[in-house]
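Student: Need coordinates for the following:
(4 chains)
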Protein chains: 4
Amino acid sequence: MKHMIFGESHGPAIGVTLMGVPSGVELDMEEIAFEMSRRAPGKSPLSTARKEADIPEILSGMFEGHTTGTPLTAIIHNTNQHSKDYSKTKDLARPGHADYTGFMRYQGNNDYRGGGHFSGRLTAPLVFAGAVAKQVLAAEGIRVGAHIRQVSTIEDLPFENDVYPLSGDTFTLVAQKEFPVLDDERGAAMRQAILEAKERLDSVGGLIECAVLGLPAGIGSPDFGLNAEGIFAQHLFAVPAVKGVGFGVGFGCATMRGSEMNDAFYMKGWDVQTRTNYNGGINGGITNGMPLTFTAAIRPTPSIAREQDTINMDTMQNAKISIVGRHDPCIVHRAVPVIEAAAALATCELLGI
Amino acid sequence: MKHMIFGESHGPAIGVTLMGVPSGVELDMEEIAFEMSRRAPGKSPLSTARKEADIPEILSGMFEGHTTGTPLTAIIHNTNQHSKDYSKTKDLARPGHADYTGFMRYQGNNDYRGGGHFSGRLTAPLVFAGAVAKQVLAAEGIRVGAHIRQVSTIEDLPFENDVYPLSGDTFTLVAQKEFPVLDDERGAAMRQAILEAKERLDSVGGLIECAVLGLPAGIGSPDFGLNAEGIFAQHLFAVPAVKGVGFGVGFGCATMRGSEMNDAFYMKGWDVQTRTNYNGGINGGITNGMPLTFTAAIRPTPSIAREQDTINMDTMQNAKISIVGRHDPCIVHRAVPVIEAAAALATCELLGI
Amino acid sequence: MKHMIFGESHGPAIGVTLMGVPSGVELDMEEIAFEMSRRAPGKSPLSTARKEADIPEILSGMFEGHTTGTPLTAIIHNTNQHSKDYSKTKDLARPGHADYTGFMRYQGNNDYRGGGHFSGRLTAPLVFAGAVAKQVLAAEGIRVGAHIRQVSTIEDLPFENDVYPLSGDTFTLVAQKEFPVLDDERGAAMRQAILEAKERLDSVGGLIECAVLGLPAGIGSPDFGLNAEGIFAQHLFAVPAVKGVGFGVGFGCATMRGSEMNDAFYMKGWDVQTRTNYNGGINGGITNGMPLTFTAAIRPTPSIAREQDTINMDTMQNAKISIVGRHDPCIVHRAVPVIEAAAALATCELLGI
Amino acid sequence: MKHMIFGESHGPAIGVTLMGVPSGVELDMEEIAFEMSRRAPGKSPLSTARKEADIPEILSGMFEGHTTGTPLTAIIHNTNQHSKDYSKTKDLARPGHADYTGFMRYQGNNDYRGGGHFSGRLTAPLVFAGAVAKQVLAAEGIRVGAHIRQVSTIEDLPFENDVYPLSGDTFTLVAQKEFPVLDDERGAAMRQAILEAKERLDSVGGLIECAVLGLPAGIGSPDFGLNAEGIFAQHLFAVPAVKGVGFGVGFGCATMRGSEMNDAFYMKGWDVQTRTNYNGGINGGITNGMPLTFTAAIRPTPSIAREQDTINMDTMQNAKISIVGRHDPCIVHRAVPVIEAAAALATCELLGI
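Tutor: A predicted model of the protein is given here:
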C-alpha cells in the first residue's frame, strides 16, 4: 500500500491516492467518519473554532461497498476558507512554520494561503488513509491505538500500567474520549495547561504514546529500508509537528543498564513472551511478538497570537509578525488519530500489505 | 546513492555495495582508514579486546584513484572469528539481541555465529559507505560531525555551548579523540561509569548528538518519503541499538511553549538565520539553512556477562543464559562514527546525490 | 516526477496524482486541452462515437497559473456512462480483455463496468500527465513526437526519411492531423483498412514510432532500473494494448550485421553525431545525443462485434460472447498522444526531473 | 528480491548483491555452475577464445548450504585480463559500444579497459542471480526456459510447434545443448551464418524466445510499475545488447486482426485455458495462467574486426578504429541463459518474492 497525499489548505480540494489496497475489503464508512471526527477541529475551546466538514468523497477503488484493489482516491473539498486572513502576512515568514523553507524549496511558487500544502489540514486525508489501513489490519487481528502521554509537563499513565490493560478495549475506550487520555484526572490538568497557554497567547507541546497489537514475531529486517523502526519512523516524521520518535523506552534507554533493558524471554504456555517490553516489541529491526510501542514528540503549535520577530521574505528585512485568526493552542489531542493513522500505514508497509 | 550492506560476523566477508556514487571523486583512502579506525574495537578497556583489521578492499567502482560512478563494492574479510564461542549457546535467545526475532524471521536459517548479519560488526561497511559519502559531501562544503552527548546519566556539553563553536573544526577536534566528547572532564566521568558497569557485568547506554553543517535552505519536502526528518530517521534506525531519534530539541519539545520553540528568523547581513535552533534546522520537512541537528538514543549493549532468563528456541522451554566472550560494556563512543556515517548517507539522499 | 493513475470507467471520476512536478511551471491549459483532444474519441467514423468531455480539473499543486511543486492532482468526472450496456455480459470474459485476469487478480471485486480500471479511458489522465511533462521538458529544449508507423500491413514513412526532417516542426505538423501520419496518402490507405475491418466486425493493430529530441548525451546508466531503454519500456508497457517495444531499429537488429548497426561517430562541427541512428540514440543504456527513437506495437482492439468463444466466470462453463456497444475498430491513431505522454514521463524520469 | 550488479571487466572482481532472497533455500551449486557454464565463453569457434573460470564465491547470505535470507553477495575474481589490449584505443569510441556514452555519463572517470562496467562479462553475475532465482522459483513449480529463435535470417521453430511441447523437459533438453535451439538442423545453419560473418570480420544478431511456465493467473496489475510486461521489460532491457522486447506475438500484433489475436478462453476440465496464446499469457498487465512468453531482440556484437569510422574522445576529431582482440561474432547463443536469468528475476519481482 503506497499513498500520496495532495492538496493545499485553500485550494479546491485535498485528498489522498492509495495504491495497493487489498481487494474485497468492505469499508465501514461510519468507522471512517468516526476517525475523521476524532481529528476534526471545532469541538472544544482547546481547538480552533473552524468547522471542517471533512467528509471524504471516494472517487475510485470502491465498488458496491468493497475495495476493488485498484488505486483508491478520496478527496475532501475545501469549503470554509478565509483566504483574506493570510494575504496581509504573505511575505512574513511565520517562525516555526514552513513559510520560509517552502518559499526556498518551491522558489516562491507554493500556495501560501493557510499554510498551503504544509497545513495541518493535510492530516485529514492521512487520517482517512489510516482508517482504511486500520480496517485492512483489523481483518488480520491487528489493532492500533494511541493516547496523549504528556502535555507540557503533565503526564498520563503509560500504556503499561496497573489500571488499564494494553488491549483493543482500552484503545476503543480512549478513542471515544474527546480528550484521549487514560486517566481523565490527569487529562483535566492537561486541558487546564492548554487553556493557560491560550490565555498567554502561547501554545504547548506534548507526547503521544502508540501501540500496535497483534503483530506476529518475525516481521521486518535489520536492513536499511526494511527495519521496523525505520519504516515506522519514516511514516511518523511525515506527520507535521513530530520532532522525535522513540521505540519502547526510546530516549529512556540512555540511562538504563543492559540488565534492565534486556527484555527477558519466557514461555507463557506455548507462546514466547518477554517479561518487560522496554524494546517496544522490536529486536534487531524485527518484531518479537510483543506489542510494538513507540512515543512521538509533538512540538507546540507554531501559530501563536503573540508578536514575534521574523523576516519579510520579499524585502529580506527584519520584521514583526502577529498571527491573527483561530489557532489551536495545542494539537496533541487532535494529533492522536493522526499518529494512529501513520502507525497503521507503517504496519501495512511492514507487513507487505 | 543507494547502499546494500551484506555479510555475517563469521562468514567469509562483510561489505557494502554503493550505487550512484558520483564519478570523479578522488577517494582519500587515509581518511577512510581513519573513519574505520574510529569505529574499530580493541583500543581501550572500554571496548571489546577483539582486533579487527577492517581494511576495506574496493572491488569495483574505483579506477586510478577516482570513483568511476559505477557501483562501488567494498569488502572486509573476516579473519579473527571465534566461532566455537557461540555453538554452545546457539539455541538460547540472548535477551535484547535479535536471536529470537532472527530465528522467526529467517525460520532458523540465519547464521547465528556472533550475531550473524545482526552483528555490530556490520556497522564497519556502514562506516566505509559513510566515509565515501562524507568525501562526496565535503566537495559540496558540507560537514557531518557528532559527539557523545550522554552516557548513563552523565552529560557532555551540547553542540550549542559557549566554549566550542558548532563548526567543522570542532568536528575535527572531537573525531580525533579516543573518547569523542566536547568536555574531556565529563568524558572521564562517563568512562568511569562505563568501567563501573563493566565491573558489575553490566552495560550502559547513552545519547549521541550529530550535526550537519553547510546544507542550504530549501532541501527536502513535507511529503512522505521525502521529508528531511523521515530520510534521516530511516538511515539512523538502520543502525543497530538506536531506539530513539529527535531533531533539534527532539523530545524536549513536549515541555516547551510555542513562543520558545519558534526559532525567530532574522537577517544576518544577507543571510537568513534563526536566533535559536530548537527545530534542528528543519521546518516542514525542509532545511532552513541552519545546522541540521539531531540526537540519537543508543541502548545499553545487550551482551552482558550476567546470567539472564531466556528461552531455548529448540526445546521451547525456559532457560538461563550466561554470555561469555569479550563484549563492550558501552558502544556509545564507538557508535559516534556510525551515526555520522548514517547521517552522511542521509544527507546524500536528501540532496539527491 | 512520480504518478499514480486512478479511477474506473464508470466510477465517479478518473485522474492522476503527480508528485515532484517542478515548481513555477506556467501550465498552458490550452496546450493541455489540445493534447486531451488528440486522444479523445468521437471525432470520426474510425473511433467510437462516445463523447467524452475530458476536461481535467486540477485540484492541487497549481496556484495563480503556476505549478507549486507540491503534488498535483487532476480529475476528470465521468458523465457519459452507459452502465447498463455491461451488466448482461458481466460474467463473460471478453477475449483479449482483462476481465478474466482482473477477476482473478482482484478476486471478483473489481468494477467490471466498461472495463473498470482497465478501460482505455484511463489513458486520459495519462495524456494529462504527459502534457504536464511535455511542458516541463519544453523548458529544457526537449520535444517528444510520434506518428502512426503502420496500421495492419500499411506503412507510413519512417521518421528518418527524405521528405520531412526529424524535428519539432514535424511533430507539430503531425500532431495537428486528425490521423497522425507523415504521408497522408498512406494514411488514407490505413483509414480504408480500418473501415474494412470495421465492416467485417473486426479490428486492426499497428505500430507507433516516437522520438525524443534535445536530450543531451550521457543520460542514463547501464544498471538495472536506471537504463534508458528500461525506463522507457516500463512507461510504455503501462499503456494498455502495447505488446512490443523496440529502440532504434528494434527487432530489425536481428537480421542486421554489426558493420551496419554500429552507428559510426563523427564530428559535426563541435558536436558528436552518428551517421546512422539504428541504436535509437542509446548505447549501453545511456543517451548518445542523437534522437531517442523507439517503436511500440499496438495490438488490435480486443472489443469486436463478432461472436467469440469464451467462458462464463460465474458458472465456469464455456460460453459465447457478442460485445455490443460502440468500439474503436483501431486505436492506433488515438494511442499516438498516449505513447507521447508515456515517453514524456519516461524522459522526465530519465532526467531525474 | 532486489539486486545490484557491480564490477568492471578488468577490476579486481565482478559480482552481485541480492537482497530479499527467501531463507532456507538449499542452493544447488552444481546447478549454478551449470548455468554459469552455459554463458561462459571459449567453448567453440562461435565464441571468443577467452577462458573465464567464473566460479562465483558466495561471501554472505549462505550458511550450511542454505540461504539465510540476509543479503547474498557473490563475486567472481577477474583473473584473465589483457589490459594492454585496450590502452592503445582508449580514446577511440568504439561504434555501437558505450565508450562515448560512458565517457559522457561518468565524465571520463569510468574504467575503459575491456568495456569496464559495460562489459558483457557483467552478465556473469546476472546469470548467477538468475540461477538463484530459478531455484527459488522451482520450489513454487515455476520453470523458465529460452532458446535461440533466430540468428540473422535463419529461424528456429517457435516454442509453440508440433514437435516439442512447451514444457520443462524441452527447457532441459535445450539448455544442455551447446547451441540452444529446438531444431538442430536450423541450428547448424545458424552456426554457418555466424562463421560466415566471422570470416567477413563482421557479426550477426538474432532473437531469443523465452517462456515462464507454472505462473498462476492473477499476478500483476495494470498500473505503472506493477504490470507484468513492464516488470519483465525493465529486467530484459538491463541486459546489454537487447534492443527490443515483445510479449506473445509482440510486433506481430501490428498485422493481426482482433478476431485472430483475441485468445479465446475455454474450460479444460476445471482449468481456464486459452486456445491460442498470442498475448503471451498476459491480459491487462496480469497473468492469465497460460505460459508467459516473450521474444527479445539481440543486436549484432558491436565488436568487429573491420576498420570503422569514429571519433577520438580526447582530441574530438574524426578517427578510424580497428578493434583487435578476441570477440564473439554472435552473442545470441550465449545470451540465452542471460535472458533466462533476467526473466527469472522478473518473475520473482512479479510474484513479490
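
Student: For the stretch 101-250 of chain A, just list every one of the helices.
Tutor: For the stretch 101-250 of chain A, helices defined by DSSP state H, counting those that start in this stretch occupy the ranges A:123-138, A:168-175, A:184-199, A:228-237.

Student: So residue A:347, which state does it fall into?
Tutor: Secondary structure assignment for residue A:347 (DSSP: H, G, I helix; E, B strand; the rest coil): helix.

Student: Which of the helices of the stretch 101-250 of chain A sits closest to residue D:335?
Tutor: helix A:228-237 (38.6 Å; Cβ to Cβ). Every residue, glycine included, has its C-beta placed from N, CA and C.

Student: right, is that closest one up against chain B?
Tutor: Yes - contact between helix A:228-237 and chain B is present through A:229-231, A:233-237 (criterion: Cβ under 8 Å from any Cβ of the partner chain).

Student: Now which of those residues would you call buried?
Tutor: Buried by 16 or more other Cβ atoms under 10 Å in any protein chain shown: A:229-231, A:233-237, out of the residues of helix A:228-237 next to chain B.

Student: Include distance to residue A:299 when you put the residues you listed into JSON lines, please.
Tutor: Output for those, formatted as JSON lines (distance: Cβ to Cβ, whole Å):
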{"residue": "A:229", "distance to residue A:299": "21"}
{"residue": "A:230", "distance to residue A:299": "22"}
{"residue": "A:231", "distance to residue A:299": "23"}
{"residue": "A:233", "distance to residue A:299": "16"}
{"residue": "A:234", "distance to residue A:299": "18"}
{"residue": "A:235", "distance to residue A:299": "18"}
{"residue": "A:236", "distance to residue A:299": "13"}
{"residue": "A:237", "distance to residue A:299": "12"}
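
Student: Show me what the spatially closest residue to residue A:263 that is not a sequence neighbour is bridged to.
Tutor: Ranked by Cβ to Cβ, 6 or more residues apart in numbering or on different chains and with sequence neighbours excluded, the top spatial neighbour of residue A:263 is residue A:274, at 3.7 Å. Per DSSP bridges, residues listed as beta-bridge partners of residue A:274: residue A:265.

Student: Could you count how many residues lie near residue A:274?
Tutor: The burial count assigned to residue A:274 is 25, neighbours taken as other Cβ atoms under 10 Å in any protein chain shown.

Student: now do residue A:144
Tutor: Using other Cβ under 10 Å, residue A:144 has 26 neighbouring residues.

Student: Residue of the stretch 151-300 of chain A nearest chain D, please.
Tutor: With distances taken as Cβ to the nearest Cβ, the stretch 151-300 of chain A approaches chain D most closely at residue A:223, which sits 6.7 Å away.

Student: if I read this right, that residue contacts residue D:17, doesn't it?
Tutor: No - in this structure, residue A:223 is not within contact of residue D:17 by Cβ atoms under 8 Å, at 11.0 Å.

Student: quick one, which of these two is more surrounded?
Tutor: Taking neighbours as other Cβ under 10 Å, residue A:223 and residue D:17 compare with residue D:17 leading, 29 against 20.

Student: In contact with that one, which residues?
Tutor: Applying Cβ atoms under 8 Å, 6 or more residues apart in numbering or on different chains, one finds that residue D:17 lies in contact with B:4, B:6, B:17, B:73, D:3-4, D:6, D:71-73.

Student: With residue A:61 instead?
Tutor: With contacts defined as Cβ under 8 Å, 6+ apart, residue A:61 is in contact with A:18, A:21, A:67-73, C:6, C:8.

Student: Of those, which is the most crowded?
Tutor: Neighbours here mean other Cβ under 10 Å. Within those, the largest count is held by residue A:73, at 33 neighbours.

Student: what residues are shared contacts of residue A:223 and residue D:17?
Tutor: When contacts are counted by Cβ under 8 Å, 6+ apart, residue A:223 and residue D:17 have B:4, D:71 as shared neighbours.

Student: Tell me which helix or strand in chain A has the weakest average pLDDT.
Tutor: Lowest on mean pLDDT, DSSP states H and E among the helices and strands of chain A sits helix A:84-87, with a mean of 66.

Student: what about the residue of the stretch 201-350 of chain A at minimum distance from chain C, how many neighbours?
Tutor: The minimum distance from the stretch 201-350 of chain A to chain C, using Cβ to the nearest Cβ, falls at residue A:238 (12.8 Å). Here the count is done by other Cβ under 10 Å, and residue A:238 has 26 residues near it.

Student: Verify the stated contact: it with residue A:342.
Tutor: Yes - taking contact to mean Cβ under 8 Å, the distance of 6.7 Å between residue A:238 and residue A:342 places them in contact.

Student: Kindly indicate which of the contacts of residue D:17 lies nearest chain A.
Tutor: Of all those, the one with the least separation from chain A (Cβ to the nearest Cβ) is residue D:71, at 6.8 Å.

Student: Name the nearest residue to the closest one, sequence neighbours excluded.
Tutor: Distances taken as Cβ to Cβ, 6+ apart place residue B:6 nearest to residue D:71, at 3.7 Å, with adjacent residues excluded.

Student: Correct me if wrong, but the one you found is in a helix.
Tutor: No - note on residue B:6: no helix contains this position according to three-state DSSP, which reports strand.

Student: The helices of the stretch 101-250 of chain A into TSV, with extra columns for distance to residue C:247?
Tutor: Formatted as TSV, these follow (distance: least, Cβ to Cβ, whole Å):
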stretch	distance to residue C:247
helix A:123-138	39
helix A:168-175	55
helix A:184-199	62
helix A:228-237	36
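
Student: To residue C:87, which of the ones you listed lies closest?
Tutor: For these, distance to residue C:87 was read as Cβ to Cβ. The smallest value, 27.8 Å, belongs to helix A:123-138.

Student: Report all helices and strands that that closest one contacts.
Tutor: Judged by 3 or more Cβ pairs under 8 Å, 6 or more residues apart in numbering or on different chains; DSSP states H and E, helix A:123-138 is in contact with strand A:2-7, strand A:13-19, helix A:29-39, strand A:72-77, strand A:143-151, helix A:332-351.

Student: any idea how far residue A:101 is from residue B:13?
Tutor: In this view, residue A:101 and residue B:13 are 43 Å apart by Cβ to Cβ, to the nearest Å.

Student: who has more neighbours, these two?
Tutor: More neighbours sit around residue A:101 than around the other of residue A:101 and residue B:13, counting by other Cβ under 10 Å; the figures are 28 against 22.
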